[in-house]
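> Quick one, what's the 3D model for this:
(one chain, ligands or ions: 1)
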Amino acid sequence: MINHEEEGKKFLDTVMYYYEKAAKHTGLPEGMLEQIKICNSVYKVSFPVEIDGEVKTFEGIRVQHSHHKMPTKGGIRYSVYVSEDEVKALATLMTFKCAVVNVPFGGAKGGMKISPRNSSPKLLEKVTRRFATELIKKNLIGPSLDVPAPDYGTGAKEMAWIADTYMTFNYGNTDAQGCVTGKPVGLGGIRGRTEATGLGTYFGIRECVSFKEDMTKIGLEAGVAGKKVIIQGFGNVGYHSAKFLEEDGAIIIGVAEYEGGTYNENGLNVEELLKYRTENRTVLDFPGGQNVEDSISMLEMPCDILVPAALENQIQEHNADKIQAKIIAEAANGPITQKAEEILLKKNKLIIPDLYLNAGGVTVSYFEWLKNLSNVRFGRMGKRAEEKSYNRIVDFVERITEKKLDTRERTIITQGADEEDIVRSGLEDTMILAYREIREAMMQNPDITDLRTAAFYVAIRKIALSYEMMGIFP
Ligand code: GLU
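A predicted model of the protein is given here:
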């Protein structure tokens with residue numbers, strides 16, 4: 001029987017251990033490091049909601065880890081197993097995640113003890129709206145205060161209820177839509193947010209495997225194409241990571257879900273698997289793969305890249321030694337415990353850490369927030385002007401070469417960037433630059449030998465700079 005309070009504590013201990021491990025390389029004063037580490041505020045709330053004539057009490061929590069930049073930012077998780085320590089760990093990760101990808105927010109996270117699977121949409125709506133109201137009452141939500149987003153067990157629907165509740169209480173405020181991100185596009189959401197974490201995961205893996213010398217050290221060739229990948233968790237993040245990796249030539253040999261896994265040495269068809277799972281609510285008996293009943297054992301199967309995209313604490317002391325993948329790409333938050341990491345690093349495994357790899361979600365959330373504050377869709381002002389100048393270039397080239405493009409070719413060449421193009425390009429650039437910064441920190445500090453420590457190190461220094469500039473620390 002899993003004790004979820006204990007698991008939450010283990011997760012928080014792990015995050016603190018990773019922090020300390022990197023902090024000691026920074027040479028920053030103790031007081032500053034303590035301030036950067038601790039959670040700035042924790043708010044717990046209980047409230048009653050009526051369901052089918054009965055009243056039930058629900059518990060919610062919002063943790064704001066760091067106010068060094070405002071607003072604070074982070075998702076809201078729905079699960080009956082949510083614990084305070086788990087949310088604290090996740091909020092802490094958010095602070096460092098934002099700093100790594102240069103998103104100017106402090107970290108936060110929320111949780112509601114509720115099962116999204118076993119609750120009716122009506123109940124989910126009531127609980128979500130009431131939780132939003134509780135946060136409004138305490139000034140714990142708002143475009144310049146704290147901006148929630150989707151996380152495990154929540155999605156665009158919950159974000160829409162939160163936005164609508166906030167806008168009702170803030171009638172006339174034109175920034176109000178920026179109180180939450182991950183909304184449906186029709187309600188101020190942004191194109192490209194749904195796939196953002198998975199796409200960011202893909203960009204991060206692609207960047208990491210592009211360095212030939214780093215790949216040689218772990219016995220792999222450079223490049224995504226041909227790499228054998230196992231994905232744990234086929235939700236939004238797992239599915240999109242698999243899809244973009246597959247599109248770039250990776251072979252998705254296994255997908256594990258809580259009900260079991262499916263495996264095919266020659267590659268599973270990701271799109272067909274999604275269709276199958278949506279229809280059958282299971283990956284078992286998928287015609288394109290073989291069943292693996294014990295899904296946790298899939299983590300231990302041979303592959304080049306293992307992508308845990310489900311929950312925390314999946315690789316622990318007892319199974320770390322059995323992991324055969326050469327790269328572990330953390331699409332989920334906290335999938336590797338501290339003790340497991342020690343074992344994996346000793347075995348020369350390359351871990352692409354969560355605080356970098358899954359930061360695509362919050363990066364595109366930042367773009368959505370910018371869109372909401374400016375009240376204009378990206379690309380709206382410039383798209384046609386861009387097309388006009390491309391057309392002028394094509395006209396000129398046609399004139400001097402005396403060759404004519406057909407309409408299709410001309411349209412492809414002269415297309416201006418729309419919102420989705422701009423979002424994807426911003427995300428790609430962010431992930432590439434952040435990886436290079438982390439890698440560079442490792443090269444500059446020979447004592448730092450793993451990417452996670454380097455990512456924390458980079459983030460801690462950026463946060464310290466904010467505090468220094470505020471004049472809080474001498
Ligand atoms: N819940 C996501 C995360 O863990 C997204 C947070 C956000 O977009 O604010 O990074």
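> quick one: is stretch 305-319 near the ligand?
No: contact of stretch 305-319 with the ligand (CB under 6 Å from any ligand atom) is absent, the minimum separation being 11.2 Å. Every residue, glycine included, has its C-beta placed from N, CA and C.
> What is the end-to-end distance of that stretch?
In stretch 305-319, first residue to last residue: 16 Å (CA to CA, to the nearest Å).
> residues of that stretch that come out buried?
Buried residues in stretch 305-319, counting neighbours by 16 or more other CB atoms under 10 Å, are found at 305-316.
> is it possible to export these to CSV including pLDDT and distance to residue 440?
Shown next, in CSV, are the buried residues of stretch 305-319 (pLDDT from 0 to 100; distance: CB to CB, whole Å):
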residue, pLDDT, distance to residue 440
305, 98, 23
306, 98, 26
307, 98, 25
308, 97, 26
309, 97, 27
310, 93, 31
311, 89, 31
312, 90, 28
313, 91, 31
314, 93, 30
315, 95, 27
316, 95, 32
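> Skip the chain neighbours and tell me the closest residue to the residue in the stretch 1-150 of the chain that the ligand sits nearest to.
At 2.7 Å from the ligand, residue 75 is the closest residue in the stretch 1-150 of the chain, using CB to the nearest ligand atom. Residue nearest to residue 75 in three dimensions, not counting chain neighbours: residue 151, with 2.8 Å by CB to CB, 6 or more residues apart in numbering.
> ok, back up a step: strands - which of the buried residues of stretch 305-319 land there?
With DSSP state E as the criterion, strands contain 305-308 from among the buried residues of stretch 305-319.
> which parts of the stretch 101-250 of the chain sit against the ligand?
Going by CB under 6 Å from any ligand atom, the residues of the stretch 101-250 of the chain near the ligand are 149, 151, 181.
> Please report phi then psi for the second one.
It stands for residue 151. Backbone geometry at residue 151, expressed as degrees, to the nearest 10, gives phi -150, psi -160.
> now swap in residue 451 and tell me
Note on residue 451: backbone dihedrals following degrees, to the nearest 10 are phi -70, psi -30.
> same check, this time on residue 39
The phi and psi torsions at residue 39 (degrees, to the nearest 10) take the values phi -80, psi 130.
> Tell me the predicted confidence for it.
Looking at residue 39, its pLDDT stands at 97.
> What separation is there between it and residue 174?
Between residue 39 and residue 174 the computed distance is 32 Å (CB to CB, to the nearest Å).
> Looking at these two, which one has more neighbours?
Neighbours per residue, other CB atoms under 10 Å: of residue 39 and residue 174, the larger number sits with residue 39, 20 against 10.
> Any stretches of the stretch 251-400 of the chain with poor pLDDT?
Along the stretch 251-400 of the chain, no part satisfies pLDDT under 70.
> Setting aside sequence neighbours, what's the nearest residue to the closest residue to the ligand within it?
Using CB to the nearest ligand atom, residue 365 is the residue of the stretch 251-400 of the chain that sits closest to the ligand, at 3.2 Å. Among residues not flanking residue 365 along the chain, residue 181 sits closest, at 3.8 Å (CB to CB, 6+ apart).
> Wasn't the one you found part of a helix?
No: counting by DSSP: H, G, I helix; E, B strand; the rest coil, residue 181 is located in no helix; its state is coil.
> Which residues are in contact with it?
73, 147-149, 159, 189-190, 193, 365, 368-369 (CB atoms under 8 Å, 6 or more residues apart in numbering).
> Swap in 7 Å and give it another go.
Residue 181 sits next to 147, 149, 193, 365, 368-369 when contact means CB atoms under 7 Å, 6 or more residues apart in numbering.
> Let me have those in TSV, extended by secondary structure.
Conversion of these to TSV gives the following (three-state DSSP):
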residue	secondary structure
147	strand
149	strand
193	coil
365	helix
368	helix
369	helix
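> is it possible to export these to a markdown table including distance to residue 206 and neighbour count?
Output for the contacts of residue 181, formatted as a markdown table (distance: CB to CB, whole Å; neighbours: other CB atoms under 10 Å):
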| residue | distance to residue 206 | neighbour count |
| --- | --- | --- |
| 147 | 29 | 27 |
| 149 | 24 | 27 |
| 193 | 20 | 25 |
| 365 | 22 | 27 |
| 368 | 24 | 28 |
| 369 | 26 | 27 |
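> Sweet, I'm off.
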